[in-house]
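Engineer: sequence plus predicted model, see below.
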Amino acid sequence: MHNIVLFGPPGAGKGTQSQKLIAKYNLVHLSTGDLLRAQIAEGTELGLQAKKLMDEGLLVPDEVVIGMIGNALQRNTQAAGFIFDGFPRTVAQAESLDQLLAQHGTGVACMIALEVGEEELVTRLLERGKTSGRPDDQDETKIRRRVTVYNTETAQVAGYYAAQHKFHALNGIGEIDDIFQQICTLIDQHKAAQPEAPAEATQEVKA
Ligand code: ADP
């Protein structure tokens, strides 16, 4: 499995790049924001609780998102790999992700961060809010709170992966396709450095 964490503040372009990456590398896209919004749409108790926090631009409790990711990994044991988008957002989530992936005999290959300044993020999210229907994209105060939460609670997750020599940062301002090419270059470098075991070798281990 080849697992990639796409990182960056709200509005950095993680969702856009994820869509392009899953098509190219045949990966499964796991966005905790999308998983939470699906719970809201279904009207579950979890969704109801999460919605209050999301609408305010605050984080949902670690155990909730970790549980959702654990279930998603169980449902996709045949995947070639995953793109994690919007997760992990705290160091506790990063530690849990390592444990969950280890249970599946795999780990995080690399984290790729898209860097974008606050004013550009606010402009992008307000623009997205005109069509996304997301309440958290329609109010500048809430958008700035999400950026603050990112800077205070989430940014330190980069250090967790840097300590494992897995962290890479890219400028998230530019042409979507140019940024995509830069991400692909990083992923291809990691793939070349850590080639997956050939099928015969895997069978030998099993036998
Ligand atoms: P964005 O990156 O634009 O903020 P997301 O869809 O990733 O959008 O997240 C929307 C909201 O969902 C977040 O503001 C937060 O409330 C909640 N959320 C998503 N992922 C997580 C997570 N890993 N941990 C805690 N809360 C999360």
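Structural biologist: Received it, and whenever you're ready, just let me know what you need.
Engineer: CA only for contacts and neighbour counts going forward, please
Structural biologist: Noted.
Engineer: kindly list the longest strand within the protein.
Structural biologist: strand 108-115 (DSSP state E).
Engineer: chain neighbours aside, what residue packs nearest to residue 154?
Structural biologist: residue 89 (4.8 Å; C-alpha to C-alpha, 6 or more residues apart in numbering).
Engineer: shouldn't residue 159 be within a helix?
Structural biologist: Yes. Using DSSP: H, G, I helix; E, B strand; the rest coil, the assignment for residue 159 is a helix.
Engineer: check contacts around it.
Structural biologist: residue 167 (C-alpha atoms under 8 Å, 6 or more residues apart in numbering).
Engineer: in the longest strand of the chain, what's buried?
Structural biologist: 108, 109, 110, 111, 112, 113, 114, 115 (16 or more other C-alpha atoms under 10 Å).
Engineer: now do the same contact list for the nearest residue to residue 72 once chain neighbours are set aside.
Structural biologist: Excluding its sequence neighbours, the residue lying closest to residue 72 (C-alpha to C-alpha, 6+ apart) is residue 30, at 7.7 Å. Residue 30 makes contact with 69, 72, 82, 83, 84, 85 under the criterion C-alpha under 8 Å, 6+ apart.
Engineer: backbone dihedrals for residue 30, please?
Structural biologist: With angles defined as degrees, to the nearest 10, residue 30 sits at phi -120, psi 100.
Engineer: next: residue 27.
Structural biologist: Per degrees, to the nearest 10, the backbone of residue 27 is at phi -100, psi 160.
Engineer: state the pLDDT value of it.
Structural biologist: Among the per-residue scores, residue 27 shows a pLDDT of 96.
Engineer: need the residues of this protein near the ligand, please.
Structural biologist: 10-11, 32-34, 53-54, 57-62, 65, 86-89, 146 (C-alpha under 6 Å from any ligand atom).
Engineer: need the residues that contact stretch 136-154.
Structural biologist: By C-alpha under 8 Å, 6+ apart, stretch 136-154 touches 9-10, 54-59, 89-91, 118, 122, 125-126, 128-130.
Engineer: now the residues you listed: which count as buried?
Structural biologist: 9-10, 54-59, 89-91, 118, 122, 125-126, 129.
Engineer: filter those down to the ones in helices?
Structural biologist: Using DSSP state H, the subset of the buried ones among the contacts of stretch 136-154 located in helices is 54, 55, 56, 91, 118, 122, 125, 126, 129.
Engineer: mind putting the residues you listed in CSV, distance to residue 193 included?
Structural biologist: Below are those laid out as CSV (distance: C-alpha to C-alpha, whole Å):
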residue, distance to residue 193
54, 38
55, 42
56, 42
91, 26
118, 34
122, 37
125, 36
126, 40
129, 40
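Engineer: angle of the top helix by length along the chain against strand 108-115?
Structural biologist: The longest helix of the chain (DSSP H) is helix 176-193. Counting by axes from the mean of the first three to the mean of the last three C-alpha atoms, to 10 degrees, helix 176-193 lies at 160 degrees to strand 108-115.
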